[in-house]
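*Asks:* Provide a 3D model corresponding to the input given below.
(one chain, ligands or ions: 1)
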Amino acid sequence: MSTAAYRIFAGIFLPEIQDMILDGCGMVTIYELGRTSKAVRRRTRSYCRRRYHRELRRFVETPVSFRDVLRRSLGIVSGSVALHYLAEPSGWVPGDMDVYASPSGSAMIMDYLIDKENYNLTSVHNMYGGVGWSSRKSVLEVSKFERPGDSVKIDLITCVDSNLVTCITSFHSTVVMNILTADSVYSLYPRLTFMCRGFWGLAPRLTAYSQTTHDAMDKYRRRGYNIQIGTGSWKRPCGSYCPVFVRRFDSVHTFHYVFCVSGESSIPASSAWTSVRWRLGIECKNRFCTHSGSVMRM
Ligand SMILES: [Zn+2]
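*Replies:* This is a model prediction of the structure:
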C-alpha cells in the first residue's frame, strides 16, 4: 500500500469500508499500516478482532466469550482456522477448529463448549503413544465435539506440556505452524505462509507408516498451498529456511501481531513460549546450503 493509500485509509471511518479494504490486504500490509499512527493502529487492531470473530462465528455463538475462555485457560487456536486467518488462497473454508490447551486449560474449554455452546463430546482419543502428524509425543488426547444440526466440528487437543508452542513446532509442516491466542496471532514461518507455501518437516521414517501425514499434505495442496518436500532441488543457500536451522520463537523470524484493545498480548513476555527452540525433522540435501555437514545444537 502506497503512502497516498495509507492517507486515504486513515480518512475512512466506517468499519464496513475499512474491512472491505483490509480484506484485500495481506497480513504484512495490515501490520505495516498499523505502524503508521496510533489512530490507524486502533483501526487495524479492531479489524483483526472482527476478522477473528468472523472465523470463530462459524464454530461458536459468542466469539468474545470464547476468546475470554482462551484467555483464562491460556488455550490457543491453530490448524486450519489459524491458517485461514493468515493466508487463504482459494476460497476454502475450515470445517473444523483445532483448539490446544494444557490439561487444566482443556477442562475449562470443555466445560465452556458443552455448557455455553451446546456442543456434545462425541469421542476422546488417547494419543500419548504418538501421532502420525507430529514428530514428538506432545499430544495427550484429542476430544472431538459436534453439535446438533451443525456440520462443523471442534477438536480439543490436550497437550502433554503446558508450553503449547512445543506442540505446534513438532507438527508435520510449516503450513500449520500458526497460532491464534485470545488477543494475538503468530506465524512461525511467515514468509512462506503469507505466500501460501509450506515446507514438509517430518523425516521419512516418521511419515512412511502414516497415511495421516499424506492425507494432511494432500488436504493443504488441494486448498492451494504449495507444499515442498526436501531441499535437494534448491539452487541457492537455504538461509533461515534450512530444515536444520534452529529457530527461536522469540526472534525476527516469527510474525506476531497483538490486536487486543490495550496492545498487550494475553501471553506475557516472560512466558516459557519465548524460549522455545526447534528445527524441522529432516536433513538438508541442498548442495548450496551453508548449514549442511554441520550439527546444529539446540
Ligand atoms: Zn539447508
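*Asks:* now the residue most central in space within the chain, what are its backbone angles?
*Replies:* With distances taken as C-alpha atoms, centre = their mean, residue 178 lies nearest the centre of the chain, 1.8 Å away. Residue 178 has phi and psi values of phi -130, psi 150 when expressed as degrees, to the nearest 10.
*Asks:* output the below-cut-off pLDDT ranges for the stretch 101-250 of the chain.
*Replies:* 128-137, 202-212 (pLDDT under 70).
*Asks:* for it, which segments count as helices?
*Replies:* Under the criterion DSSP state H, counting those that start in this stretch, the stretch 101-250 of the chain contains helices at 103-116, 165-168, 190-194, 204-207, 211-222.
*Asks:* from the contact counts, what lies against the first one?
*Replies:* Under the contact definition 3 or more C-beta pairs under 8 Å, 6 or more residues apart in numbering; DSSP states H and E, helix 103-116 sits against helix 63-73, strand 96-101, strand 120-126, strand 139-146, strand 153-159. Bear in mind the C-beta positions are built from the backbone N, C-alpha and C, glycine included.
*Asks:* what about the longest helix seen in the chain, distance to the chain center?
*Replies:* Ordering each helix of the chain by length in residues (DSSP state H) puts helix 38-56 first. Offset of helix 38-56 from its chain centre (C-alpha atoms, centre = their mean, to the nearest Å): 17 Å.
*Asks:* what's it in contact with?
*Replies:* By C-beta atoms under 8 Å, 6 or more residues apart in numbering, the residues outside helix 38-56 that reach it are 6, 9-10, 15, 18-19, 22-23, 30-31, 33-35, 63-64, 66-67, 81, 84-85, 94, 97, 180, 185, 257-261, 263.
*Asks:* mark which of those are buried, thanks.
*Replies:* Neighbour counting over the contacts of helix 38-56 (16 or more other C-beta atoms under 10 Å) leaves 6, 9, 18, 22, 30-31, 33-34, 63, 66-67, 81, 84-85, 94, 97, 180, 185, 257-260 as the buried ones.
*Asks:* help me confirm that residue 81 comes into contact with residue 178.
*Replies:* No - in this structure, residue 81 is not within contact of residue 178 by C-beta atoms under 8 Å, at 9.2 Å.
*Asks:* thinking again about what came up before, can you give me the buried ones in the longest helix of the chain?
*Replies:* Buried, per 16+ other C-beta under 10 Å, within helix 38-56: 40-41, 43-45, 47-52, 55-56.
*Asks:* repeat for stretch 185-194
*Replies:* By 16+ other C-beta under 10 Å, the buried positions in stretch 185-194 come out as 185, 186, 187, 188, 189, 190, 192, 193, 194.
*Asks:* from memory the last one sits against residue 187, does it?
*Replies:* Yes - contact between residue 194 and residue 187 holds when scored by C-beta under 8 Å: they sit 7.5 Å apart.
*Asks:* anything in contact with each of those two?
*Replies:* Here residue 194 and residue 187 have 27, 86 as joint contacts, going by C-beta under 8 Å, 6+ apart.
*Asks:* can you narrow the contacts of helix 38-56 to ones near the ion?
*Replies:* With C-beta under 5 Å from the ion as the criterion, these include none near the ion.
*Asks:* of those, which belong to helices?
*Replies:* 6, 9-10, 15, 18-19, 22-23, 30-31, 33-34, 63-64, 66-67, 81, 84-85.
*Asks:* run a quick neighbour tally on residue 246.
*Replies:* 14 (other C-beta atoms under 10 Å).
*Asks:* where does the chain come near the ion, residue by residue?
*Replies:* Going by C-beta under 5 Å from the ion, the residues of the chain near the ion are 238, 242, 284, 286, 289, 291.
*Asks:* which residues touch the spatially closest residue to the residue nearest to the centre of the chain that is not a sequence neighbour?
*Replies:* Excluding the flanking residues, the one nearest residue 178 by C-beta to C-beta, 6 or more residues apart in numbering is residue 82, at 4.0 Å. Contact partners of residue 82, counting by C-beta under 8 Å, 6+ apart, are 176, 178, 179, 180, 185.
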